[in-house]
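Colleague: need a 3D model of the following:
(3 chains)
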Amino acid sequence: MDAKRRNGGPPRGGASQAKRGKTVWDWEDSPSIFEEELALFEEADMETEEREGQAGHDVIPVGELFSADLNPRWRRPQAAPLNPDSDTLVFQQIDLDYYLGKLCQSQGNVPIIRMFGVTDSGNSECCHVHGFAPYFYIPAPNGFTSDHLSEFKRELNSAVLKDMRSNKDNMSVTVLAVDITRKESMYGYHGKRLADFLRITMAMPRLIALAKRLLEQSFKFGPFPIQSFSSYEANIDFEIRFMVDSDVVGCCWIELPKGKYRVREERKVSLCQYEVDVGWTQLISHPAEGEYQRIAPLRVLSFDIECAGRKGIFPEAEKDPVIQIASMVQRQGEKEPFIRTVFTLQSCSSIVGSQVLCFTKESQLLQSWAEFLRTVDADIITGYHIQNFDLPYLLNRAATLKVICSPTWALGIKSVLRDSSFQSKQMGRRENKIHNMEGRVQLDLLQVLLRDYKLRSYTLNAVSFHFLQEQKEDVQHSIITDLQNGNEQTRRRLAVYCLKDAYVPLRLLQKLMCVINYMEMARVTGVPLTYLLSRGQQIKVVSQLLRQAMKQGLVMPVVKPEGGEDYTGATVIEPEKGYYSVPIATLDFSSLYPSIMMAHNLCYTTLLQKGSTEKLGLTPEDFIKTPTGDLFVKSSVRKGLLPDILEDLLSARKKAKAELKKETDPFKKQVLDGRQLALKISANSVYGFTGAQVGKLPCLEISQSVTGFGRQMIEQTKQLVESKYTIANGYQADAKVIYGDTDSVMVKLGVDTVSRAMEVGREAAEWVSSHFTQPIKLEFEKVYYPYLLINKKRYAGLYFSSSADTHDKMDCKGIETVRRDNCTLVANLINTCLQTILIDRYHLDHSDRQVGTTWNILLDR
DNA sequence: TCCAACTTTTAG
DNA sequence: CGGTCTAAAAGTTGGA
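Modeller: Below you'll find the model as predicted:
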């Protein structure tokens, strides 16, 4: 009896049955709220379906666990037969990578793109895309003609072969092709002159860097002198190269027309229901518009493991066993998980609403769970801290017990662990474990939260409370082993805890709309979903830049990273510190940096490098000089790529917001809101990209000009407001800008009501806007009343925006209440103080004379 | 006790 | 290989 499944009455037993003396646990009261929730799932299931295996009484031999009769929900829907001659295959691609493989026996390895996806009917699919090869460019040397092509190719090929450390694949052809094309470098404006470039196509992606290095050092061929070549687009990931060239964006829908693809019956390498081969020019990529905005019914699996650690020692996979694995599987877009199961070591009492599978041997538990994972065939695997804990632990544990090393988790590819550490100015050093699982997207909720949310605490309990207002089942880590060594009731207690830990990430995923938001970001920026989770900000801009550049015959240079000096950023207006018991209007430039770049046509392609003006014979009408003294041509001469990208992003955002307003379907609303957000973030990261000094294409002329304009604008705004709103001009009082930071000014307009401040604020914003170039726009944002200005970047106030009668919130910036480097007592204390002096101000100020006097002393008046 | 250098955290 | 930006406050550390 290796595995059993039970379904019994309410939990019985308790401390009296525990083998270990004292009552370490105090739990045998009523079922928890979570247990009731689980039970409700069961009822819901019953209404819609006959009793399936889910609620049986029988003990099931382990071999039968995966039988379709017993666990019909585990598998995906049956895949209809696919006839490539008459059927078109349409699927949403969710992951895209490449591998090296042989097209036929005689030839060497070639890179093959692989797309994983899901069809509308929920069938999984793996598509091998053939025929796309990596390439890069170099400028053609002077006097180069097509007659030199073959010699160049031959020389480069032999140089590459000579330099290869080991020629494992026994390649003889590394350079597949060299062609002359007319291109222009995107860096700097040089009169729209196309020049000859050599497009060098290599046999494998990793040969690109090699060829680039050889050409950069010194390269001799034919009658040409030894020279070094700068390279273009040699640092582009192969996946991105393919996606840009074939107009595929992350998570888009792909159509394989009938007659254009082949179905694999044998030689299947994946566990997908459909596995097909197609040529890279045959597939159709649909832009994410209209019906192709939809999302396929993806399977999302969330899991959590429990280990029996030794007292006071963090569990180690080499020593401590895995005792439970809970899993929940949900279809994207549905409200509840349709699989709820926990695998336990040793017996465990039943839990209504979930399946309990008990094992006597840990190795069987692990093996069965791996089989479960393959059977469920999830598209997205989630959980909390799975990337650096659960998955590595399972893998190391399996290695220790010498099980499930092969077959592996997902594909026919062995899963291995890799350590990666990366450093950035922003994030510091960060160590991560990488666990390959081709075809399944690993979405560790902890990583998502670390990336996108600033929280006081990242424990699952704290996060759950923060977002869901719910506490976890409380089980101290120290008693896990005791619970395991107790009886089937204590192990049940543990299993409920484990199930909740698998359930909460699913809830969070839903609440934060992670899947939708990430998918929209992938679609907007054009990178694969997995890039968003494993890579930084830059790749998203590179992807967009390449797409835009390709349309105009521009190529992107490879620049060697060299850190330079920091450049000047934004201005913070010296605050007039104090407590303001009058309304303070706040005016903001919306999307300041993007709109500066658009208004002044700042781009790589419009930058005039030293001496270019004379060389190109440009008149002063053709270009502008930025506050930092850099020169850029006007859009009448050439429209920049970055302004183009930004316009696309911002107009798409406008469109998404308009659609959002009209849309009534809540699911489509979520998608549109996710898109709107992705577009905003993308627009704002373009500036950061140009200023990233160790980046793919830094251009400080752009970034320092942007901040330079920003500084100028905030000063000008201050002066404009203070010059117009004066007593001399017939206003009640002289307006005063009391503070401002980067893109905002706080103005004391001298009016005494919120509604009046709103009126004047709106008018002022509009008037100031008219002094700036389109699309720069100053907007009225909010009124603070009252307003406490402590210092630069530290203030608080009651926030009025939607209504002049009631405040939306108490807004605190930079103060202890929002900082995470104090204990909560400090935050609470300060928060109470602020509430008192901001919200209860009338009480203090007017009604209570005694306190009112103290108040005046405090305010120094 | 003071101060400069460094760290952490936020605003935008 | 990977890695948006600067300004600025306030706290910590360590040397004189």
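Colleague: how many residues are close by residue A:297?
Modeller: Using other CB atoms under 10 Å, residue A:297 has 19 neighbouring residues. Where you see a C-beta, it was placed from the backbone N, CA and C, and this is true even at glycine.
Colleague: and it, what element?
Modeller: Residue A:297 belongs to no helix or strand when elements are defined using DSSP states H and E.
Colleague: so the residue nearest to it when sequence neighbours are not counted: helix, strand or coil?
Modeller: Computed as CB to CB, 6 or more residues apart in numbering, the closest residue to residue A:297 that is not its neighbour in sequence is residue A:122, at 4.4 Å. Assigned state for residue A:122: coil (three-state reduction, DSSP: H, G, I helix; E, B strand; the rest coil).
Colleague: so which residues on chain A come close to DNA strand B?
Modeller: A:428, A:454, A:569-570, A:741-744, A:793, A:812-814, A:818-821 (CB under 7 Å from any atom of the strand).
Colleague: name all residues that make contact with the residue nearest the centre of chain A.
Modeller: Nearest residue to the geometric centre of chain A (CA atoms, centre = their mean): residue A:532, 4.0 Å. Contacts for residue A:532 (CB atoms under 8 Å, 6 or more residues apart in numbering) come out as A:250, A:518, A:521-522, A:540.
Colleague: which one of the residues you listed sits closest to DNA strand C?
Modeller: Proximity of these to DNA strand C (CB to the nearest atom of the strand) peaks at residue A:540, which lies at 8.9 Å.
Colleague: that closest one: neighbouring residues, count only.
Modeller: 25.
Colleague: and the residue of chain A closest to DNA strand C?
Modeller: Counting by CB to the nearest atom of the strand, chain A gets nearest to DNA strand C through residue A:688 (1.5 Å).
Colleague: tell me the SS of that residue?
Modeller: helix.
Colleague: and the nearest residue to it once chain neighbours are set aside, how many residues sit next to it?
Modeller: For residue A:688, ignoring the flanking residues on the chain, the nearest one in space by CB to CB, 6+ apart is residue A:537 at 6.5 Å. For residue A:537, the count of nearby residues is 20 (other CB under 10 Å).
Colleague: same deal with residue A:762?
Modeller: Residue A:762: 14 neighbours (other CB under 10 Å).
Colleague: surely it and residue A:778 touch.
Modeller: No: here residue A:762 does not reach residue A:778: they are 10.5 Å apart, not a contact under CB atoms under 8 Å.
Colleague: so which residues of the stretch 151-300 of chain A form strands?
Modeller: A:175-185, A:195-202, A:253-256, A:261-263, A:274-279, A:284-286, A:299-307 (DSSP state E, counting those that start in this stretch).
Colleague: in the stretch 351-500 of chain A, what residue comes closest to DNA strand B?
Modeller: Closest point on the stretch 351-500 of chain A to DNA strand B, by CB to the nearest atom of the strand, is residue A:454, at 5.1 Å.
Colleague: tell me who's in contact with the closest residue to that residue other than its chain neighbours.
Modeller: Distances taken as CB to CB, 6+ apart place residue A:820 nearest to residue A:454, at 7.6 Å, with adjacent residues excluded. Each residue near residue A:820 by CB under 8 Å, 6+ apart is listed here: A:454-456.
Colleague: do stretch A:730-745 and DNA strand C meet at all?
Modeller: No: Stretch A:730-745 lies apart from DNA strand C when judged by CB under 7 Å from any atom of the strand; the minimum separation is 7.6 Å.
Colleague: endpoints of that stretch, how far apart?
Modeller: For stretch A:730-745, the first-to-last residue distance is 22 Å (CA to CA, to the nearest Å).
Colleague: next: stretch A:730-742.
Modeller: 30 Å.
Colleague: mean confidence score for that stretch?
Modeller: Stretch A:730-742 shows a mean pLDDT of 94.
Colleague: which parts of the stretch 451-600 of chain A are strands?
Modeller: A:554-555, A:572-573, A:578-580, A:584-589.
Colleague: pipe those into JSON lines and attach distance to DNA strand C, mean neighbour count and mean pLDDT per row.
Modeller: Output for the strands of the stretch 451-600 of chain A, formatted as JSON lines (distance: least, CB to the nearest atom of the strand, whole Å; neighbours: other CB atoms under 10 Å; pLDDT from 0 to 100):
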{"stretch": "strand A:554-555", "distance to DNA strand C": "18", "mean neighbour count": "21", "mean pLDDT": "96"}
{"stretch": "strand A:572-573", "distance to DNA strand C": "4", "mean neighbour count": "16", "mean pLDDT": "95"}
{"stretch": "strand A:578-580", "distance to DNA strand C": "14", "mean neighbour count": "17", "mean pLDDT": "92"}
{"stretch": "strand A:584-589", "distance to DNA strand C": "15", "mean neighbour count": "24", "mean pLDDT": "96"}
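Colleague: would you reformat the strands of the stretch 151-300 of chain A as JSON lines and include mean pLDDT, distance to residue A:735 and mean neighbour count?
Modeller: Formatted as JSON lines, the strands of the stretch 151-300 of chain A follow (pLDDT from 0 to 100; distance: least, CB to CB, whole Å; neighbours: other CB atoms under 10 Å):
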{"stretch": "strand A:175-185", "mean pLDDT": "96", "distance to residue A:735": "49", "mean neighbour count": "17"}
{"stretch": "strand A:195-202", "mean pLDDT": "97", "distance to residue A:735": "55", "mean neighbour count": "20"}
{"stretch": "strand A:253-256", "mean pLDDT": "98", "distance to residue A:735": "54", "mean neighbour count": "22"}
{"stretch": "strand A:261-263", "mean pLDDT": "96", "distance to residue A:735": "68", "mean neighbour count": "17"}
{"stretch": "strand A:274-279", "mean pLDDT": "96", "distance to residue A:735": "65", "mean neighbour count": "20"}
{"stretch": "strand A:284-286", "mean pLDDT": "98", "distance to residue A:735": "53", "mean neighbour count": "16"}
{"stretch": "strand A:299-307", "mean pLDDT": "96", "distance to residue A:735": "54", "mean neighbour count": "25"}
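Colleague: so which of the ones you listed comes closest to residue A:748?
Modeller: strand A:175-185 (50.7 Å; CB to CB).
Colleague: what is the orientation angle of that closest one with strand A:195-202?
Modeller: Taking axes from the mean of the first three to the mean of the last three CA atoms, to 10 degrees, one finds strand A:175-185 and strand A:195-202 inclined to each other by 150 degrees.
Colleague: extract the C-alpha trace of strand A:175-185 and format it as PDB.
Modeller: This file holds the C-alpha atoms of strand A:175-185, laid out as PDB (Å, rounded to 0.1, in the frame of the first residue of the first chain):
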ATOM      1  CA  VAL A 175      30.000  31.800 -41.800                       C
ATOM      2  CA  LEU A 176      26.900  31.000 -43.700                       C
ATOM      3  CA  ALA A 177      26.600  34.200 -45.800                       C
ATOM      4  CA  VAL A 178      27.900  37.700 -46.300                       C
ATOM      5  CA  ASP A 179      25.800  40.200 -48.200                       C
ATOM      6  CA  ILE A 180      26.200  43.900 -49.000                       C
ATOM      7  CA  THR A 181      23.200  46.000 -47.800                       C
ATOM      8  CA  ARG A 182      22.600  49.700 -47.700                       C
ATOM      9  CA  LYS A 183      22.200  50.800 -44.100                       C
ATOM     10  CA  GLU A 184      22.800  53.700 -41.800                       C
ATOM     11  CA  SER A 185      24.100  53.800 -38.200                       C
END
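Colleague: can you list the strands that it pairs with?
Modeller: strand A:195-202 (antiparallel), strand A:554-555 (parallel) (DSSP bridges).
Colleague: how far off centre is that strand?
Modeller: 34 Å (CA atoms, centre = their mean, to the nearest Å).
Colleague: what's that strand in contact with?
Modeller: A:133, A:135, A:137, A:139-140, A:144, A:146, A:149, A:152-153, A:156-157, A:160, A:190, A:192-203, A:211, A:232, A:553-555, A:557.
Colleague: need the contact list for the residue in the stretch 51-200 of chain A that DNA strand B sits nearest to.
Modeller: In the stretch 51-200 of chain A, the residue that lies nearest DNA strand B is residue A:187 (24.5 Å; CB to the nearest atom of the strand). Listed by CB under 8 Å, 6+ apart, the contact partners of residue A:187 are A:556-557, A:604-605, A:607, A:697, A:699.
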